Structure formats: structure tokens, C-alpha cells
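# A predicted structure for the sequence below; I have some questions about it.
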Amino acid sequence: MTTDADISMVTVESAPKVNKSYELAKSVIKAPPYSYAHLELFNAESSKGQELDALQVRSYCTAALKQFLGATGMAIHLDILKVEGQSCWLRVPRDDLGAFAAAITAWQGTTQDGFHSVFQIRGCSDWLGALVGQRDEWRLWTD
């Protein structure tokens, strides 16, 4: 035979828990589809250097990819996000970032009007925010 105390214990244990907060949406991005690269044009003979434009960036990157990977390299899709002074930010497919970085690193550069120009990779990341934060970080240790 059950007593009143036993019945009250059963009802308290089976009562559902009440949450005061609810999770509306949850999203985890483990492998983003794109990666980002920050490149800077380096001129060995000139301290000022030349200003870049989007057409030059596209031309130099295409030349580097063609030299390193041939027709396969030219098929890598590049998005030029921003060109400012001698720096540029690019978006490439995540799977092609390694090949792109190797091509830019191995590229001999170009000589125009007596100036030899070559790209230097300042940073690569799967997240654009990580590159923007590193923009002038190297000056901390060189000035």
C-alpha cells in the first residue's frame, strides 16, 4: 500500500524540467568552402614601388599559376576582394590554397621598366578576419 509521501515523490521525479533559455539555431562550420590570402607586391629596386590595380593582380596570379601548374593552375578560380597600395586580398577555393600559395612562392616575378616585381605572401587563412587583424603585425617587430 502506498502512502501520500510515496505518491508525491513519484510526481516530483516525473515532472519535466523547465528551461529558461532556448537555443534557436546552432551552426558549426568545420570546413569553409573558401580560404583567403593577403599578398604584397615587392620591388627590390624601388623603395616606393608601384600601385597595384585589380588587372595587374589577376595578370600576375595567372602567370604564376600557369608557370607552376600549367593549364590546371589557370583553372583555379580567384576572387580579388580588395587592392590597396601594394597589398591585395584574394579569395580562393579552400582545396586550392596550397597549390596557389606554392605557385605564388615559386613565381620568379616580372620585370617592367627596369623594376623587378614579385609577390610575397603576407598571410593565408580560412577566415578573412584572421588576415585583417594581422595586417600591420610584422611592423611590431621590425620598427
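Nice, thanks for sending it over.
# Count the residues that sit near Ala101.
Ala101: 16 surrounding residues under other Cβ atoms under 10 Å. The way it works is simple: take the backbone N, C-alpha and C, and place the C-beta from them, glycine included.
# Over to it. Which of the three states is it?
With DSSP: H, G, I helix; E, B strand; the rest coil as the basis, Ala101 sits in helix.
# tell me the contacts of it?
The contact partners of Ala101, taken as Cβ atoms under 8 Å, 6 or more residues apart in numbering, are 37, 121, 124.
# Which one of these sits in the busiest neighbourhood?
Ala37 (23 neighbours).
# didn't that residue look like it was pressed against Ala102?
No - Ala37 is beyond contact range of Ala102, at 11.9 Å (criterion: Cβ atoms under 8 Å).
# so what pLDDT did the residue sitting nearest the centre point of the chain get?
The residue lying closest to the centre of the chain (Cα atoms, centre = their mean) is Tyr36, at 2.4 Å. Tyr36 carries a pLDDT score of 95 in this model.
# what's the burial count for the residue lying closest to it once chain neighbours are set aside?
Computed as Cβ to Cβ, 6 or more residues apart in numbering, the closest residue to Tyr36 that is not its neighbour in sequence is Leu128, at 4.8 Å. Residues within reach of Leu128, counting by other Cβ under 10 Å, total 16.
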